[in-house]
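In: No letters, just coordinates:
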């Protein structure tokens, strides 16, 4: 599962950069191996759970005839994406602020130990949050089309084609 989620997030690596991706894959500077926790897996599973919860909330718990429309469905999609953006941001920024991202991933240093270049910035946490919002939206759409058919009131939301009676 972790390579599947990592591959999905890898499609968005252009947003948050390769060094931030190495941190998320669990790269350990000391051992030069990927033996730290894989955050793609943890954050990805959390994203899937939140998106599924909001889909179930829309189709089965609220399930009101007034919510049976593309506009209301889109609001729930935005809600899932916004929550997952914040989850990914706060998850990664807490590591950034507390210094848990290893030095070799954050900086390029010369032989004397002086910083030549910074490789990971706080904005990369926001960029990863945006990537997570896109992943959340994709997961939300997939779950919607898988689970909407058994809803008593919202099974036609969203519709792919408009049809006339």
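Out: Here it is on my side, so go on. As the structure is a prediction and not an experimental result, all values here were calculated from the model.
In: now for the longest helix anywhere in the chain, which elements pack on it?
Out: Ranked by residue count, the top helix of the chain under DSSP state H comes out as helix 70-98. With contacts defined as 3 or more C-beta pairs under 8 Å, 6 or more residues apart in numbering; DSSP states H and E, helix 70-98 has these neighbours: helix 18-25, helix 39-56, helix 123-147. From N, CA and C alone the C-beta is placed, and that goes for glycine too.
In: nearest to residue 88, of the ones you listed?
Out: Among these, the nearest to residue 88 by C-beta to C-beta is helix 123-147 (3.6 Å).
In: Pass me the low-pLDDT residue ranges in the chain, would you?
Out: 1-2, 159-165 (pLDDT under 70).
In: So which residue is dead centre in it?
Out: Note on the chain: the residue nearest the mean C-alpha position is residue 132, at 2.1 Å, using C-alpha atoms, centre = their mean.
In: thought that one was touching residue 47?
Out: Yes: Residue 132 is in contact with residue 47 according to C-beta atoms under 8 Å; the separation is 5.9 Å.
In: Common neighbours of these two, please.
Out: Residues touching both residue 132 and residue 47 (C-beta atoms under 8 Å, 6 or more residues apart in numbering): 84, 87-88.
In: now, among these, which is nearest to residue 7?
Out: Using C-beta to C-beta, the shared contacts of residue 132 and residue 47 come closest to residue 7 at residue 88, 16.8 Å.
In: Now do the contacts for the closest residue to the closest one other than its chain neighbours.
Out: In space, and not counting its chain neighbours, residue 88 is closest to residue 132: 3.6 Å by C-beta to C-beta, 6 or more residues apart in numbering. Shown in contact with residue 132 (C-beta under 8 Å, 6+ apart): 9, 43, 47, 84-85, 87-88.
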